[in-house]
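Chemist: coordinates for the following, if possible.
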Amino acid sequence: MTQTSLSFLKGHGTENDFVIVPDPDNAVELTPAAVARLCDRRAGIGADGVLHVVRSAAHPEAAHMAGEAEWFMDYRNSDGSVAEMCGNGVRVFARYLEHAGHAEPGDLAVATRGGVKHVHLDKSGDVTVSMGRAALPDEQVTVVVGDRAWPARNVNMGNPHAVAFVESLDHAGKLLEAPRYSPAEAYPAGVNVEFVVDRGPRHVAMRVHERGSGETRSCGTGACAVAVAAIRRDGLDPAATGAPVTYTVDLPGGTLYITEHPDGRIDMTGPAVIVAAGEFDPSWLKETAFA
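Modeler: Numbering: from 1, shown residues only. Here you go, the predicted structure:
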């Protein structure tokens, strides 16, 4: 389609930042090249990813969820690739819906490629997302950075994670490139890798390399995966104890609180902020190949 101008917003959740593109009727085709340009921190707006805001009924991948969730989070990584889910992104997406008048404080549902996520917008400013249940494949995984290697817990939160407990977060190195892992067949589409240290009882800190984005200031699904791995390591599985458990997870961009319930449901609570709004320059839009 011909696009003369396009509005955008910028938001972040614990400094995991996003370009938000409102497009209720799914009229804008965001090509991978366009997404990568938008996320470029020198030649574009700059972000870890793009939140394409579409009504579920208008998107072929989400139409089957329209009866449960009016809005679909068509999420893209900063390299233009499509991702199943983004935990920080869901919080920012919900905050945008409130900002735009599409939602009120309270409960709402958001469709994602990882299924419908139920969100609570607290009047205090925090957003809680029901992230579903973690899958814990039995396959043993090893993560490698430089000449160091660690066993990692394979956790799937709708997207894949490898969680490695380390002595120091510095051991993860600069994370300019994706850490190596084995066996390769454990993650045929790539993996998010988390490096974790203990800070205290039920309190950990992490760094993450997100597939398609590199090291980010925060990763919501990663924080959930880390909490699940730590809960199992510490012998506090709520399914066995019958009691929910909450872990504090510190990330470079802030703090998230992850609660796992006895039925396996995982809640993530943290901030979500809209920081700016504007319009793309029409000539720049043309150059970035919006179809």
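Chemist: show me where the stretch 101-250 of the chain has helices.
Modeler: With helices called from DSSP state H, counting those that start in this stretch, the stretch 101-250 of the chain shows them at 220-233, 238-241.
Chemist: distance-wise, check the spatially most central residue of the chain relative to Asn77.
Modeler: Most central in the chain under CA atoms, centre = their mean is Cys86, positioned 2.2 Å from the mean C-alpha point. Distance of Cys86 to Asn77, given as CB to CB, to the nearest Å: 9 Å. Heads up, the C-betas are built off the backbone N, CA and C, glycines and all.
Chemist: between the two, what contacts are shared?
Modeler: Common neighbours of Cys86 and Asn77, counting by CB atoms under 8 Å, 6 or more residues apart in numbering, are Gly49.
Chemist: quick one: which of the helices of the stretch 101-250 of the chain is nearest Lys10?
Modeler: For the helices of the stretch 101-250 of the chain, proximity to Lys10 was assessed by CB to CB; helix 220-233 is nearest, at 17.7 Å.
Chemist: quick one on the thing from earlier: contacts only, for the residue nearest to the centre of the chain.
Modeler: Residues near Cys86 by CB under 8 Å, 6+ apart: Asn16, Gly49, Met73, Tyr75, Gly220, Thr221.
Chemist: please redo it, this time with the cut-off set to 10 Å
Modeler: Shown in contact with Cys86 (CB atoms under 10 Å, 6 or more residues apart in numbering): 13, 16, 18, 48-49, 51, 73, 75-77, 92-93, 112-114, 158-159, 210, 213, 216, 219-222.
Chemist: coming back round to it: now mean pLDDT and distance to Leu6 too, for the helices of the stretch 101-250 of the chain, in CSV please.
Modeler: What follows is the helices of the stretch 101-250 of the chain, written out as CSV (pLDDT from 0 to 100; distance: least, CB to CB, whole Å):
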stretch, mean pLDDT, distance to Leu6
helix 220-233, 97, 26
helix 238-241, 97, 45
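Chemist: now stretch 180-188 - C-alpha only, CSV.
Modeler: C-alpha atoms of stretch 180-188 as CSV (Å, rounded to 0.1, in the frame of the first residue of the first chain):
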residue,chain,number,x,y,z
ARG,A,180,27.3,-21.3,21.7
TYR,A,181,25.2,-24.2,22.9
SER,A,182,25.0,-27.9,22.4
PRO,A,183,23.4,-30.1,21.3
ALA,A,184,22.4,-27.9,18.3
GLU,A,185,19.1,-29.9,17.8
ALA,A,186,17.9,-28.7,21.2
TYR,A,187,17.1,-25.3,19.7
PRO,A,188,16.5,-25.6,16.0
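Chemist: how far off centre is it?
Modeler: 21 Å (CA atoms, centre = their mean, to the nearest Å).
Chemist: now swap in stretch 108-127 and tell me
Modeler: 13 Å.
Chemist: any buried residues in that stretch, and which?
Modeler: Residues of stretch 108-127 classed as buried: 108-114, 116-121, 127 (neighbour count, 16 or more other CB atoms under 10 Å).
Chemist: lovely, talk soon.
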